[in-house]
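Q: mind folding the following:
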Amino acid sequence: MSYLSELSQSQEYLSFRSSIPLRKIVVDSDSSKAEHPVYWDVGEWCEGFKKLLDYLGLAKVHLFGASLGGFLAQKFAEYTAVCPRVASLILCNTFTDTAVFSYSESAVVFWMLPSLILKKMVMGNFNTGKVDTLIADSIDFMVERLESLSQQELASRLTMNCINCYVEPQKIITLPITILDVFDEYALSNTVREEMYKCYPTAKLAHLKSGGNFPYLSRSDEVNLHLQIHLRQFDETNLSAAEPGSCLDPIPVAR
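A: Purely as a prediction, here's the structure:
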């Protein structure tokens, strides 16, 4: 019998799964692609995400992204800067330049590596030391999600995470941005965090004392509070998260 994490069996998660059905939406010419198509290039991912927003009838969105999700959120805001589709950004434990990773030269061959090697590369960033129960549960949950990904899904996400690419912050610096960070051990270094602050000097900073790599799971109440604070600035405007023309749209974590 396979082990199931506490989070995947929690009433809150099971209620979400039962009340929010999985929807399959075709966003390109390949009808075999479903909710999360495999993309090997950041530009292609941005175009696919734009098509998803078009399908859903969303003119502008507030994006929450963590790790690779945060990087892609920035790139999407940059990609649509001429005709803006992003109302604001909440960036969690993320980066502006893939050069911070050590696999940039080998990223072009990820597509041919077996799943076992790809999973080890990802799990090498998980904290295996002593952590509190909630952080341990968040790691268990993400390991489960990792096991559910196909070789192509894993390889494509790692490729986008590591292939040479960087954000041009000058194109999106005028957006309302909140940077959400944890102060305990997680996959990225303090240097990466400081670079984020430099790129967005007017961003609001939200700090959590702890939370590990996945604070949106291990410290969900605190993260949700910061999301609410961020979105209050849009109350009673056409960019309110409660308005039908806009939404808080969390980008899936790429792990």
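Q: which pLDDT value goes with S31?
A: Predicted confidence (pLDDT) at S31: the value is 48.
Q: again but with V100, I slipped
A: For V100, the predicted pLDDT is 87.
Q: for it, grab the count of nearby residues.
A: By the other CB atoms under 10 Å criterion, the neighbourhood of V100 contains 16 residues. Heads up, the C-betas are built off the backbone N, CA and C, glycines and all.
Q: how near is the nearest residue to it once chain neighbours are set aside to L118?
A: Nearest residue to V100 in three dimensions, chain neighbours excluded: V192, at 5.2 Å (CB to CB, 6 or more residues apart in numbering). Separation of V192 from L118 (CB to CB, to the nearest Å) stands at 22 Å.
Q: looking at those two, which one has more neighbours?
A: L118 (20 against 16).
Q: double-check that the residue nearest to V100 belongs to a helix.
A: Yes - membership of V192 in a helix is supported by DSSP: H, G, I helix; E, B strand; the rest coil.
Q: need the strands for the stretch 101-250 of the chain, in chain order.
A: For the stretch 101-250 of the chain, the strands defined by DSSP state E, counting those that start in this stretch cover 177-182, 204-208, 248-250.
Q: what strands line up against the longest one, and which way round?
A: Neighbouring strands of strand 177-182 in its sheet, by DSSP bridges, are strand 86-92 (parallel), strand 204-208 (parallel).
Q: among those, show me which one is buried the most.
A: Across those, the average number of neighbours (mean count of other CB atoms under 10 Å) peaks for strand 86-92, which reaches a mean of 24.
Q: list the contacts of that strand.
A: 60-67, 70, 73-74, 76-77, 80, 172, 175-181, 196, 203, 215-216, 223, 226-227, 230-231, 234, 239, 246 (CB atoms under 8 Å, 6 or more residues apart in numbering).
Q: quick one, which of those are buried?
A: 60-67, 70, 73-74, 76-77, 80, 172, 175-181, 196, 203, 215-216, 223, 226-227, 230-231, 234, 239, 246 (16 or more other CB atoms under 10 Å).
Q: got the end-to-end distance for stretch 167-177?
A: One end of stretch 167-177 to the other measures 14 Å (CA to CA, to the nearest Å).
Q: repeat for stretch 204-223
A: End to end - CA to CA - stretch 204-223 spans 14 Å.
Q: and the contacts of it?
A: Taking CB under 8 Å, 6+ apart as the rule, stretch 204-223 contacts 7, 64, 66-67, 92-93, 125-127, 131-132, 134-135, 137-139, 141-142, 176-187, 197, 226, 229-230, 250, 253.
Q: report the contact partners of the closest residue to R193 other than its chain neighbours.
A: The shortest distance from R193 to any non-neighbouring residue, by CB to CB, 6+ apart, is to D181 (5.8 Å). Neighbouring residues of D181 by CB under 8 Å, 6+ apart: C92, N93, R193, L205, A206, H207, L208.
Q: just send those residues back as CSV, with distance to A155 and pLDDT too.
A: Shown next, in CSV, are the contacts of D181 (distance: CB to CB, whole Å; pLDDT from 0 to 100):
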residue, distance to A155, pLDDT
C92, 24, 94
N93, 22, 92
R193, 28, 90
L205, 34, 95
A206, 33, 94
H207, 34, 92
L208, 31, 93
